[in-house]
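S.K.: any chance you could fold what I've pasted below:
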Amino acid sequence: MYSDYSTYDSCRVEVCLCNMATAVTYEFQCKHFGFTDVTPKHFYESQWTERKEYFVVYRAIMFLYCLIWAIYDTNFCVSSYSGYYITHLSSWGEWTLVVHFGLALAVSMFGLIQDSDFCFKNNLERTICCGNGNTCQINDIKWFHNLCWVVMTAASGVSYIVTISYWCFSDNRMYSIAVNTHQHIMNSVLMTMDHLLSRVPTRYLHFVYVSLYGAVYTLFTVILHLIGIRPMKYSGTLDWTKSPEISIVVSLGLVTVGACVIHFITFTIFKLRDLTHYRLRTSQTKSALFSDTSSHSNKDINANERSRILQ
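M.R.: The predicted structure is shown next:
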């Protein structure tokens, strides 16, 4: 097909660059600030299996794990750092995880129950799901799907911010190794695992929801300052009394540049997941085609052999 390998390689490079340009153009469409190009199935199934009951079990385990640890951590931190637990971003992140997995569990259970109650197959063997009043809603995205998507994005962002900022910039270490590990390591591990297992896509322009989360927390620290409460952990960075200039720079940096950089981690994990799934699916398809071709070839050989014997 090609006169030499250099021509072939140059064509491959051109195709790759074209695909990259198309992907970038797609991601930066204004519609992706919102919630488009998804179906409810993205919230009901794993990327790796269509068995929704397995996904519900996974969501339930994650929710119970995070809830139990959040209650334990809250009890420990309140007793050890009286009056300051609610001021820490790590505490916000921990309960955001609980909200995320609880909401994700409820949505996945809704998908499972909806299928069992309102789904049927038409004459073309296509599964149709209908709600009350016989109004089919197989591809309709509801408000709770959007809410689940936003909370998942915010939970990822705050988890990575907490982990990176704690281990890179904080000198204060908790007395409990278990609490410290769960609040500042397992939070990112759990969200990374969730992005790898779920089917919910990540839109890069959704970094605005990470920024919004950071803006809300920044406003909260300003309110704390106005009522006379200073978070001990952030006395050198978010101290509106002693160093308001530094606090402004840190807050603006996290809400703008920091949110974009942190969300890029989530976006990269999503792309790696999709690429891996695509490669595996392509490999399985090629294997199936090869097996089918081999089977037909063997049948032709056997038919030719029988003809030769009969002759």
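S.K.: for the stretch 101-250 of the chain, give me the ranges with low pLDDT.
M.R.: 115-139, 171-175, 230-236 (pLDDT under 70).
S.K.: can you pull out the helices in it?
M.R.: In the stretch 101-250 of the chain, the helices defined using DSSP state H, counting those that start in this stretch lie at 143-169, 177-181, 187-197, 207-226, 244-253.
S.K.: for C30, find the nearest of those.
M.R.: With Cβ to Cβ as the criterion, C30 lies closest to helix 207-226 of the helices of the stretch 101-250 of the chain, at 11.8 Å. The way it works is simple: take the backbone N, C-alpha and C, and place the C-beta from them, glycine included.
S.K.: could you export that closest one as PDB, CA atoms only?
M.R.: Output in PDB follows, covering the C-alpha atoms of helix 207-226 (Å, rounded to 0.1, in the frame of the first residue of the first chain):
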ATOM      1  CA  PHE A 207     -13.500  22.100  36.100                       C
ATOM      2  CA  VAL A 208     -15.900  25.000  36.800                       C
ATOM      3  CA  TYR A 209     -17.600  22.900  39.400                       C
ATOM      4  CA  VAL A 210     -14.300  22.300  41.200                       C
ATOM      5  CA  SER A 211     -13.800  26.000  41.100                       C
ATOM      6  CA  LEU A 212     -17.300  26.600  42.400                       C
ATOM      7  CA  TYR A 213     -16.600  24.200  45.300                       C
ATOM      8  CA  GLY A 214     -13.300  26.000  46.100                       C
ATOM      9  CA  ALA A 215     -15.100  29.400  46.000                       C
ATOM     10  CA  VAL A 216     -17.800  28.200  48.400                       C
ATOM     11  CA  TYR A 217     -15.100  26.900  50.800                       C
ATOM     12  CA  THR A 218     -13.200  30.200  50.500                       C
ATOM     13  CA  LEU A 219     -16.300  32.200  51.300                       C
ATOM     14  CA  PHE A 220     -16.800  29.900  54.300                       C
ATOM     15  CA  THR A 221     -13.300  30.700  55.600                       C
ATOM     16  CA  VAL A 222     -14.100  34.500  55.200                       C
ATOM     17  CA  ILE A 223     -17.300  34.000  57.300                       C
ATOM     18  CA  LEU A 224     -15.200  32.200  59.900                       C
ATOM     19  CA  HIS A 225     -12.800  35.200  60.000                       C
ATOM     20  CA  LEU A 226     -15.700  37.600  60.500                       C
END
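S.K.: that one vs helix 244-253, what angle?
M.R.: If you take axes from the mean of the first three to the mean of the last three Cα atoms, to 10 degrees, helix 207-226 sits at 160 degrees to helix 244-253.
S.K.: other SSEs contacting helix 207-226?
M.R.: Applying 3 or more Cβ pairs under 8 Å, 6 or more residues apart in numbering; DSSP states H and E, we find helix 207-226 packed against helix 89-118, helix 143-169, helix 244-253, helix 259-310.
S.K.: can I get the helices of the stretch 101-250 of the chain in JSON lines including mean neighbour count and distance to F270?
M.R.: Shown next, in JSON lines, are these (neighbours: other Cβ atoms under 10 Å; distance: least, Cβ to Cβ, whole Å):
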{"stretch": "helix 143-169", "mean neighbour count": "20", "distance to F270": "10"}
{"stretch": "helix 177-181", "mean neighbour count": "14", "distance to F270": "26"}
{"stretch": "helix 187-197", "mean neighbour count": "19", "distance to F270": "6"}
{"stretch": "helix 207-226", "mean neighbour count": "18", "distance to F270": "13"}
{"stretch": "helix 244-253", "mean neighbour count": "15", "distance to F270": "24"}
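S.K.: of the helices and strands packed on helix 207-226, which is nearest G214?
M.R.: helix 259-310 (5.9 Å).
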